[in-house]
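S.K.: model this:
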Amino acid sequence: MQAHRIESVHAIPGTLTLVVKWRDGVQDTVDMTSTIQKSAPLRHLENPDLFSDIEVIDWGCSVGWRGDLGYGADTLRELIRQQNMKAAG
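M.R.: This is a model prediction of the structure:
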């Protein structure tokens, strides 16, 4: 199985939502609100200003925030898949 790689990422201002562009050309939007609320290490990212300070790290294998916090590309892709399934009903 080929690992997913991230080309670019940015937060939608004022939200806990990311726009992720993958190296395969696909672009996804993912709401991280629930994930952040359930994770003690990520909880301070509930502040949209801190959340928006995000970048691609580890050669596209993760996204990261200040404080050495990261979220893996494969886990992010799975969260997107789950959210898309819920939206489809």
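S.K.: dump the residue contacts of residue 10.
M.R.: 18-19, 52, 54 (CB atoms under 8 Å, 6 or more residues apart in numbering). (Glycine included, C-beta is placed from N, CA and C.)
S.K.: neighbour-wise, give me the winner out of those residues.
M.R.: residue 18 (23 neighbours; other CB atoms under 10 Å).
S.K.: residues in contact with that one?
M.R.: Shown in contact with residue 18 (CB under 8 Å, 6+ apart): 9-12, 29-30, 32, 54, 63, 76.
S.K.: any chance you could map the helices in the chain?
M.R.: Per DSSP state H, the chain carries helices over the ranges 33-38, 48-51, 73-88.
S.K.: what sits up against the last one?
M.R.: This points to helix 73-88. 3-6, 18, 20, 22, 28, 30-32, 35, 60-63.
S.K.: of those, which is the nearest to residue 47?
M.R.: residue 32 (12.6 Å; CB to CB).
S.K.: contacting residues for the closest residue to the closest one other than its chain neighbours?
M.R.: Nearest non-adjacent residue to residue 32, counting by CB to CB, 6 or more residues apart in numbering: residue 16, 4.8 Å away. Contact analysis of residue 16 by CB under 8 Å, 6+ apart lists 31-33, 36, 45-46, 48, 51.
S.K.: top of those residues by neighbour count?
M.R.: That'd be residue 45 among these, by other CB under 10 Å, with 26 neighbours.
S.K.: how much space between that residue and residue 26?
M.R.: Per CB to CB, to the nearest Å, residue 45 is found 24 Å from residue 26.
S.K.: got it, and residue 66?
M.R.: As judged by CB to CB, residue 66 and residue 26 stand 27 Å apart.
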